[in-house]
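>>> Fold the following.
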Amino acid sequence: MTESELKHRLAALLSADVVGYSRLMAADELATVRTLAICRDKIHALVQEIGGRVVNFVGDNVLVEFPSVRDAVSCALEIQNSLATLNAGMDENRHMRFRIGIHLGDILVEGEVIYGDGVNIAARLEALAEPGGICISELVYRQIQHKLDATYVDLGTKTLKNIPDPLRVYAVVAPSAEPGTHPVESAAYPATPPPLPAKPSLAVLPFVNLSSDPTQDYFSDGLTLDIMTALVKIPDLFLISDISMFSFKLKPVSIKEIGCQLGVSHVLEGGVRKAGEHVRVTARLVETTGGRQIWADHYDTDLEDVFAIQDRIAEEIVTALDVKLVSGESARTIRKTIRNPDALEAYYRGWQTLFGTSNADIFESQQHFEETIRLEPESPLGYALAAWTHFWAVFRGLAPDTQLALEHATDLARKAVAMEDITGLPHLMMGLIHLHKNEHDKALAEAEQAVLSRPSCDLSYAAKGFILNYLGRTTEAIELANYAIRLAPVHSPPFYQVVLAGALYSSGKFEEAAAVAEEALRKDRQYLDALVILAVAKVALNQMDHAAQIANRIRLARPDFTLEKFAQSQPYRNPDTLEQLLTTLRKAGLR
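Numbers count the residues shown, from 1 in each chain. All right, here's what the predicted structure looks like:
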């Protein structure tokens, strides 16, 4: 393409890179890439919000174009402020500071790519900026000198490398802030750090995507989940749940802080570099108290052998922590059952969407796991996960035909079990289906099998406690629900609090039940089961005005709610328990 065929336009150009990136990478590649990914997400979000376009973000270098210089400088100030907040939560030697340069110039455009002296000048200005600072050209300064709440420092005329004419340069200084005023972002940690369990305890940080292609995140996420799927089966290991750990993916946090906040003795972290069909995985196991690395290794393999990588990492961790496996069970808890690379990709994408936040994610996950079955019909993994997605759609009230979805889920689960399922999910799902059908003994048997299959699975304990509530065994349900929450101390599903609140209410602990139900409602304001428990707890406490308010919230959340329909959904073994619950709800004003 000749220059005459390229499109010309005027644009404000922002160029930025990380100060001391090579030093940071040499000191700790995994931590640096994880922090850079967080910075990349923040920068992308701010650019999009202000109306710019990220042209490229290669390594630690970013180039952005804006339609106006005011937008460019405003965004630069927001970026530096946001990153200062991010750095405030990290050790000083791990701070990631960007230099930013901004210029207004004519550019040549070819598709998504831009060229021209304006790009080069912005990059040269960036090199003049202080760490965490912003430098702009005189052209930019003339446009914004009286339009933004910032101070400008004249740095004089500078000769820039490979730029023929000298330029006057200005530093942009944001409004002053007192040291230490940047708020530190944090997860919803427990108020009091939990004590270390008696047995070895582990948190697995989401593996970092070390590839240059950010769309490969699904692969590193999938490998993380596979490793945890293997580890969750080890009975002598206390493992923090994936729900909690994935909340750390976009939060900079030290190994020591993870240990304090989650109450674990060790953290596993690693990275995945995928190039075509070749994969390199690095992993290391670190003590949380002193940061001592007690094991590290790397693995090079073709994509078809990725399950072997997962098995080897899990086995190494077990050896390092001196944890024994269940008698007769091999350390290779996940077999190399998916050999087709396309099936493996569908499986990983299904895992990624399974934990999404939207209703559409459930159905997309179904499609991916059904594609896994089509491509790899001899593997139980596709059947087990597809069964769970169909049941979860029923549980969330999203299935178009409840009966058909349950039948389909049951059929898939049975196939997975017949093929020597290794996930434990079919037993968990079948337990809840049996409960739905008022088959209480079968429900409990399946739940117990799920716990045996996955002794560190938070969902298994919560589901068993859920079933025990309907059997009237509330003391055991309280213990199991608390253990599930302990395994998922950050961002545990509100379902866990509902199981605990229901058991507390049935045990006559009405104030505690109300408090836990309110905790569930802080996560989901329209959670029907939590609202019901809160309503009956308020009646039991003789707080009738509050009970009436909760009843009104139930009617607003579910306009079609009736006690008759509610009763049909409650499979209590003892009918008197259900009748007492309905009587209490009538006192709250529900009909």
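
>>> just checking, next helix/strand downstream of the helix-or-strand element of the chain with minimal mean pLDDT?
For the chain, the helix or strand with the lowest mean confidence is helix 306-320, at a mean of 61 (criterion: mean pLDDT, DSSP states H and E). Downstream of helix 306-320, the next assigned helix or strand under DSSP states H and E is helix 341-354.

>>> buried sites along that next one?
343-354 (16 or more other Cβ atoms under 10 Å). C-beta here means a position set from N, CA and C on the backbone, and glycine is covered the same way.

>>> Ok, stretch 427-441 next?
Judged by neighbour count (16+ other Cβ under 10 Å), stretch 427-441 contains these buried residues: 427-436, 439-440.

>>> what do you get for stretch 360-367?
Judged by neighbour count using 16+ other Cβ under 10 Å, the buried positions of stretch 360-367 are 362, 364-366.

>>> Kindly format the C-alpha coordinates of that stretch as CSV.
Taking only C-alpha atoms (Å, rounded to 0.1, in the frame of the first residue of the first chain), the coordinates of stretch 360-367 have been written out as CSV:
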residue,chain,number,x,y,z
ALA,A,360,-26.5,-16.4,29.1
ASP,A,361,-23.2,-17.8,30.4
ILE,A,362,-25.0,-21.0,31.6
PHE,A,363,-26.4,-21.8,28.1
GLU,A,364,-23.1,-20.9,26.5
SER,A,365,-21.4,-23.3,28.9
GLN,A,366,-23.9,-26.0,27.9
GLN,A,367,-22.9,-25.6,24.3
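
>>> Chain neighbours aside, what residue packs nearest to residue 385?
The spatially closest residue to residue 385, leaving aside those adjacent along the chain, is residue 369, at 4.5 Å (Cβ to Cβ, 6 or more residues apart in numbering).

>>> my guess is residue 420 contacts residue 379, does it?
No. Here residue 420 does not reach residue 379: they are 10.4 Å apart, not a contact under Cβ atoms under 8 Å.

>>> For whichever strand or helix holds residue 139, C-alpha coordinates in CSV please.
With elements taken from DSSP H and E, the one containing residue 139 is helix 138-144. Once non-C-alpha atoms are left out, helix 138-144 reads as follows in CSV (Å, rounded to 0.1, in the frame of the first residue of the first chain):
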residue,chain,number,x,y,z
GLU,A,138,3.5,22.5,23.4
LEU,A,139,0.7,21.8,20.9
VAL,A,140,-1.1,19.8,23.5
TYR,A,141,-0.4,22.4,26.2
ARG,A,142,-1.9,25.2,24.2
GLN,A,143,-5.1,23.3,23.8
ILE,A,144,-5.6,22.4,27.5
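
>>> Just the buried positions in the next helix-or-strand element following it, please.
Proceeding N to C from helix 138-144, the next assigned helix or strand is strand 151-158, under DSSP H and E. Of the residues in strand 151-158, those buried under the neighbour-count criterion (16+ other Cβ under 10 Å) are residue 152.

>>> Also stretch 13-29?
Neighbour counts over stretch 13-29 (16+ other Cβ under 10 Å) mark 13-19, 21, 24-25 as buried.

>>> Need the distance between the two termini of that stretch.
Between the start and the finish of stretch 13-29 there is a gap of 29 Å, counting by Cα to Cα, to the nearest Å.

>>> Mean confidence (pLDDT) on that stretch, please.
In this model, stretch 13-29 has a mean pLDDT of 90.

>>> Tell me the gap between that stretch and the middle of its chain.
25 Å (Cα atoms, centre = their mean, to the nearest Å).

>>> can you check stretch 91-108 too?
Going by Cα atoms, centre = their mean, the spacing between the C-alpha centre of stretch 91-108 and its chain's C-alpha centre is 28 Å.

>>> these two touch, right, the residue nearest to residue 385 and residue 382?
Yes. Shown here, residue 369 and residue 382 form a contact pair, counting by Cβ under 8 Å, at 5.3 Å.
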